[in-house]
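**Q** Structure, please.
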Amino acid sequence: MSRAIKFMLNKQLDAIIKEEKNTIANLSNASALLFDQLPSINWAGFYLWDPEDDELVLGPFQGKVACIRIKHGEGVCGTALKEQRSLIVDDINLFPGHIACDAESQSEIVVPITKNGKQIGVLDIDAPIKNRFSEEDRSMLEEFVAVLLQYINF
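**A** Residues are numbered from 1 along each chain as shown. Just a heads-up that it's a prediction; the model follows:
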C-alpha cells in the first residue's frame, strides 16, 4: 500500500470521526471506510473484548455474516489479542485453530486494540485471496488503529 493511500485513509478516518463521541458509530464508520477503500478484501470489522466471558464479541463490521464469539487465545483474532501483536496470515488454512466464518476468506490480518493498558478488542480484515496482506499493510493498519484510539472510549 502506498504511503499516499495510508496518509489519506488516516486523514479520512480523522475527519469522519473526530466530532463524534459515540464509539459504536466511530467503529462502524471505520470499518466502512476500510471495506470501501482497501482492494481485494471481503470483510473488515471489529471484535470487542468482553472480560466477563473471556471472549471477543462481534462488533461493527462490513461483509458477510460473521462468527459472533471468539474465545480468548483461539483463532487468529483470539491469538492476536492474547499475544498483543498484529498477525498476518497468508493462508488461513495453515493457521492452527483457524475459525472459519466465511469459506471464501483465504488470508487475514488482525491488529489488537489496547488503550491505556486495557484490552479493547481487535481490528480484523479478511481477503478472498492468499498472501493479500504485507508488512506495509500491517504498519498502515496499526497507524489507523492509533488514530481511532484518539476518539473511542471504553
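
**Q** sec struct for V110, please.
**A** Going by DSSP: H, G, I helix; E, B strand; the rest coil, the secondary structure assigned to V110 is strand.

**Q** quick one, what contacts it?
**A** 76-77, 79-80, 86-87, 122-125 (CB atoms under 8 Å, 6 or more residues apart in numbering). To be clear about C-beta, it is placed using only N, CA and C from the backbone, and glycine gets the same treatment.

**Q** partners of it in the sheet?
**A** Listed by DSSP bridges, the beta-bridge partners for V110 are L87, D124.

**Q** Make JSON lines out of the contacts of V110 and add pLDDT and distance to G63.
**A** Listed next are those as JSON lines, based on pLDDT from 0 to 100; distance: CB to CB, whole Å:
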{"residue": "V76", "pLDDT": "96", "distance to G63": "15"}
{"residue": "C77", "pLDDT": "96", "distance to G63": "14"}
{"residue": "T79", "pLDDT": "96", "distance to G63": "20"}
{"residue": "A80", "pLDDT": "97", "distance to G63": "18"}
{"residue": "S86", "pLDDT": "98", "distance to G63": "20"}
{"residue": "L87", "pLDDT": "97", "distance to G63": "19"}
{"residue": "V122", "pLDDT": "98", "distance to G63": "15"}
{"residue": "L123", "pLDDT": "98", "distance to G63": "13"}
{"residue": "D124", "pLDDT": "98", "distance to G63": "10"}
{"residue": "I125", "pLDDT": "98", "distance to G63": "9"}
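
**Q** give me the element V65 is part of.
**A** Using DSSP states H and E, V65 sits within no helix or strand.

**Q** Distance check, it against I92.
**A** 17 Å (CB to CB, to the nearest Å).

**Q** what residue is smack in the middle of the chain?
**A** Centroid-nearest residue in the chain: L123, 1.6 Å away (criterion: CA atoms, centre = their mean).

**Q** Skipping its backbone neighbours, what lies nearest that one in space?
**A** V111 (4.5 Å; CB to CB, 6 or more residues apart in numbering).
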